[in-house]
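here is the input, now give the coordinates:
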Amino acid sequence: MTHCRRFSIMCALMTLALFAAGVAMAGTTLTFLADNIPMTVNGATALIEAYKEKRPDITIELEMRPGGAEGDNIVRTRLATGEMADLFSYNTGAMMRALNPEKNIADLTDLPCQAGIDPSFRERQRENLQRAARHRQGRRHFL
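Residues are numbered from 1 along each chain as shown. As a prediction, this is how the structure comes out:
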């Protein structure tokens, strides 16, 4: 996947997450964990600034993590210990199943902001999550 395509997907997901956070109460501070790749940092910062224009009463603090395997371990550890940021960006590919998405990722399917997301992208992600769930069920069965 090219960096441009990956960045576009990441921006779409972060936008969705930030607008989903629109239900936050005034005076709320949210944390947003993203990798430290300059393109990600720039995209995350732009999204936070755009959200701040719509909801100046909500503060979003950007936390950085390394990319690659080290960053994957940080994400998994923080999810497992309940210390994850309110929002986070992550590759929607095969590594998603390691995050236990049924437990750790909110289903935003019914939010009005979903109307702007390409239906084929939504379907692909739904399939990825279902495949991850089947994989975990099979693993649990053999333990």
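
alpha carbons only for contacts and neighbour counts from here, please
OK.

which strand or helix spans residue 76?
Using DSSP states H and E, residue 76 maps to helix 68-81.

that helix - what's its average pLDDT?
Averaged across helix 68-81, the pLDDT comes to 92.

got the contact list for it?
Outside helix 68-81, the residues that touch it by CA atoms under 8 Å, 6 or more residues apart in numbering are 35, 65, 84, 98-99, 104.

which residues of the chain fall in strands?
Secondary structure of the chain (DSSP state E): strands at 29-35, 59-65, 87-88.

partners of the first one in the sheet?
Spelled out, that is strand 29-35. Take DSSP bridges as the rule and strand 29-35 pairs in its sheet with strand 59-65 (parallel), strand 87-88 (parallel).

where in the protein is the helix or strand with the lowest mean pLDDT?
Taking mean pLDDT, DSSP states H and E as the measure, the helix or strand of the chain with the lowest value is helix 3-20, at a mean of 52.

pLDDT below threshold where in this structure?
1-24, 92-94, 128-129, 132-143 (pLDDT under 70).

next, name the residue at the spatial heart of it.
In the chain, the residue lying closest to the centroid (CA atoms, centre = their mean) is residue 89, at 3.8 Å.

give me the neighbour count for residue 48.
19 (other CA atoms under 10 Å).

residue 62 versus that one, what's the distance?
8 Å (CA to CA, to the nearest Å).

next: residue 98.
Plainly put, residue 98 is 23 Å away from residue 62 if you go by CA to CA.
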